[in-house]
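**Student:** give the three-dimensional model of this entry:
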Amino acid sequence: MVKPFDEQTGIIRITSGYTGGHKENPTYREVCSETTGHREAVEIIYDPALFPYEKLVELFWTQIDPTDAGGQFFDRGESYKAAIYFHDEEQKRIAMASRQELEQSGRFNAPIVTDIFEAKPFYEAEIEHQDYYKKHPIRYNAYHQGSGRAGFIKKYNQRSL
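**Tutor:** Residues are numbered from 1 along each chain as shown. Predicted coordinates:
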């Protein structure tokens, strides 16, 4: 989820990590064990004058399968389920309205199941998980294609970043 946001004007920093669970400072292995309650997530620091929250949410929807309740593409389990996290009531309103608009658009033949949660503490992932697409472009691109994500994005959004 880092790459689509990384080159956008107004995005200051993107950090891979974990949020939503009960364990402080979890590791990748712990999160993937499904015992921490955390999900993989990215923290995006942005300039709202250049890239408002609405645009963050809009770009997010184009990168996921919002009808998949079991994870995302090859990544299965609770820790891989997509979610939007909000920090205040305005962000919550924007996220909820956006999900409702997507549901009513008829773009998908199944219900939109992506969760919207109040943000909880965010824990930065280990260094090897930061900027993965830059460090391992061949693996990243192979996964992007092989997992079905690229094809899904092309089919439903006509936008693959």
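
**Student:** okay, now the unreliable bits of the protein?
**Tutor:** 158-161 (pLDDT under 70).

**Student:** show me where it has helices.
**Tutor:** 2-6, 28-32, 53-61, 89-105, 132-135, 137-146, 149-157 (DSSP state H).

**Student:** what would those look like in JSON lines with mean neighbour count?
**Tutor:** Every residue, glycine included, has its C-beta placed from N, CA and C. Shown next, in JSON lines, are the helices of the chain (neighbours: other CB atoms under 10 Å):
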{"stretch": "helix 2-6", "mean neighbour count": "18"}
{"stretch": "helix 28-32", "mean neighbour count": "17"}
{"stretch": "helix 53-61", "mean neighbour count": "18"}
{"stretch": "helix 89-105", "mean neighbour count": "15"}
{"stretch": "helix 132-135", "mean neighbour count": "14"}
{"stretch": "helix 137-146", "mean neighbour count": "13"}
{"stretch": "helix 149-157", "mean neighbour count": "15"}
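
**Student:** a markdown table for those, including distance to Glu78?
**Tutor:** Shown next, in a markdown table, are the helices of the chain (distance: least, CB to CB, whole Å):
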| stretch | distance to Glu78 |
| --- | --- |
| helix 2-6 | 21 |
| helix 28-32 | 10 |
| helix 53-61 | 19 |
| helix 89-105 | 19 |
| helix 132-135 | 21 |
| helix 137-146 | 20 |
| helix 149-157 | 19 |
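
**Student:** which one of those lies nearest to His22?
**Tutor:** helix 28-32 (11.2 Å; CB to CB).

**Student:** what's the closest one packed up against?
**Tutor:** If contacts are counted by 3 or more CB pairs under 8 Å, 6 or more residues apart in numbering; DSSP states H and E, helix 28-32 sits against no helix or strand.

**Student:** distance from that helix to the middle of the chain?
**Tutor:** The chain centre lies 17 Å from the centre of helix 28-32; the measure is CA atoms, centre = their mean, to the nearest Å.

**Student:** which residues touch that helix?
**Tutor:** 18, 21, 23, 36, 38-40, 77, 79, 125-126, 129 (CB atoms under 8 Å, 6 or more residues apart in numbering).

**Student:** got the contact list for Ser98?
**Tutor:** 54, 57-58, 61.

**Student:** ok, 10 Å please
**Tutor:** Contacts for Ser98 were tallied using CB atoms under 10 Å, 6 or more residues apart in numbering; they are 53-54, 56-58, 60-61, 84, 112, 114, 116.
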